[in-house]
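K.L.:
Predicted model and sequence follow; I will ask about them next.
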Amino acid sequence: MKALVTRLDSFGDVLLAGPAIRAVAARADRVALLCGPRGEPAARLLPGVDEIVVWDAPWAGFEPPPVDREEIEELLGSLHADTALVLTSFHQSPLPTALLLRLAGVRHIAADSADYPGSLLDVRHQRAPHAHEVEAALHLAEAAGFPCGDDGRLRVLPPPDTSGLTGPEPYVVLHPGASVPARAWSRERCAQAVRELAAAGHRVVVTGGRGERRLTALVAGEHARDLGGRTAAPELAGVLAGARAVVTGNTGPAHLAAAVGTPVVSLFAPVVPAERWRPYGVPYVLLGDQNAPCADSRAQLCPVPGHPCLESVTAHDVLAAVEKVMQA
């Protein structure tokens, strides 16, 4: 039996699908993962994935592309599976994806759906009201005939040795960037946290993508090692695996840290619910006002002047949280 799992969202969302993908892989002969371009680097880290199909869906992501009939017809020719699991977040509909899978000839399709699916779904599952994204995906997989056969925690393939990048352990990682501005702690606060961590005797490593080099240089200053733009996904996994704690917002590296077993200090803007997207399966401390006016708005830009949900967090708060999760 060939199974197809779809998760068309970001890097972190694909990581959160990992336990459900392993549950499918335990009973299927082969597993293909359909993901978007931002999720592809995470897909390549996941155990249990035999094949990756990348497609930028017009109903997913922050900047979705226009509908392109030729691209859709090409995609349909590449989707071959006996059964499919359509994974979505709680506010998304699986039905556009399910329609494509039906057109591609997939006989058995399962998804969480609040909407009437007609003949598009064979298993119409209802997710628990406040379930974490990991648990919601696992519940759907079980309803589709793929019960979880392991501990259900996040996991990635063994990362490479990155000691040449980080220098000797122990160290703490601070990742200042985020997928959207509303989820990011200010660069000034990040730089203050680096200085406070360093003053308390912690070696600090600052990470970021290629487009974040100016940010990481400013945050690292003279007190931390700047790895901005120097780590692809496997190397970032290695850097996070060697850390005693990771400080970051609600973004992909928080979930990657959890996947390699590293405690997380989560600067969590409440634009999405923490109960669904908090770090999963590792010790963590959640910082940020979860009752701020922006709560559950899914805003990309902070709608409240001064970004109070995160700017109320101080560098001392971060230092105290780092020392707490390291003890845990």
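P.N.:
Nice, thanks for sending it over. Computed from a prediction, not measured in an experiment: that's the story for all the values here.

K.L.:
what about the helices in the stretch 151-300 of the chain?
P.N.:
163-166, 187-199, 213-220, 233-241, 252-259, 274-277 (DSSP state H, counting those that start in this stretch).

K.L.:
What residues of the lowest-mean-pLDDT helix or strand in the chain count as buried?
P.N.:
Least confident element among the helices and strands of the chain, by mean pLDDT, DSSP states H and E: helix 308-311 (a mean of 93). Counting neighbours by 16 or more other CB atoms under 10 Å, one finds that the buried residues in helix 308-311 are 309-311. From N, CA and C alone the C-beta is placed, and that goes for glycine too.

K.L.:
So what touches that helix?
P.N.:
Helix 308-311 has contacts (CB atoms under 8 Å, 6 or more residues apart in numbering) with 184-186, 189, 249, 267, 269-270, 287-290, 292, 294, 302.

K.L.:
cutoff 7 Å now
P.N.:
185-186, 189, 267, 269-270, 288-289, 292, 294 (CB atoms under 7 Å, 6 or more residues apart in numbering).

K.L.:
distance between the helix or strand that contains residue 96 and the chain's centre?
P.N.:
Per DSSP states H and E, residue 96 falls inside helix 95-103. Chain-centre distance of helix 95-103: 24 Å, with CA atoms, centre = their mean, to the nearest Å.

K.L.:
tell me the mean pLDDT for that helix?
P.N.:
What helix 95-103 shows for mean pLDDT is 98.

K.L.:
Convert it to CSV, retaining C-alpha atoms only.
P.N.:
What follows is helix 95-103, C-alpha atoms only, in CSV (Å, rounded to 0.1, in the frame of the first residue of the first chain):
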residue,chain,number,x,y,z
LEU,A,95,-11.5,20.0,0.9
PRO,A,96,-9.6,21.8,-2.0
THR,A,97,-6.7,19.3,-1.4
ALA,A,98,-9.2,16.4,-1.2
LEU,A,99,-10.7,17.4,-4.5
LEU,A,100,-7.3,17.2,-6.2
LEU,A,101,-6.6,13.9,-4.6
ARG,A,102,-9.9,12.5,-5.9
LEU,A,103,-9.1,13.8,-9.4
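
K.L.:
Now it: buried residues?
P.N.:
Neighbour-count burial for helix 95-103 flags 95-98, 100-102 (criterion: 16+ other CB under 10 Å).

K.L.:
Any chance of those residues in TSV with distance to residue 178 as columns?
P.N.:
Shown next, in TSV, are the buried residues of helix 95-103 (distance: CB to CB, whole Å):
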residue	distance to residue 178
95	30
96	27
97	26
98	31
100	30
101	32
102	36
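
K.L.:
Out of those residues, which is nearest to residue 216?
P.N.:
residue 97 (35.6 Å; CB to CB).

K.L.:
Residue 114 is nearest to which of the helices of the stretch 151-300 of the chain?
P.N.:
Of these, nearest to residue 114 by CB to CB is helix 274-277, at 15.2 Å.

K.L.:
which other residues reach that closest one?
P.N.:
With contact meaning CB under 7 Å, 6+ apart, helix 274-277 is reached by 90, 130, 132-133, 250, 268, 286, 290.

K.L.:
Is it correct that residue 59 is in contact with residue 96?
P.N.:
Yes: between residue 59 and residue 96 there is a contact at 5.1 Å, judged by CB atoms under 7 Å.
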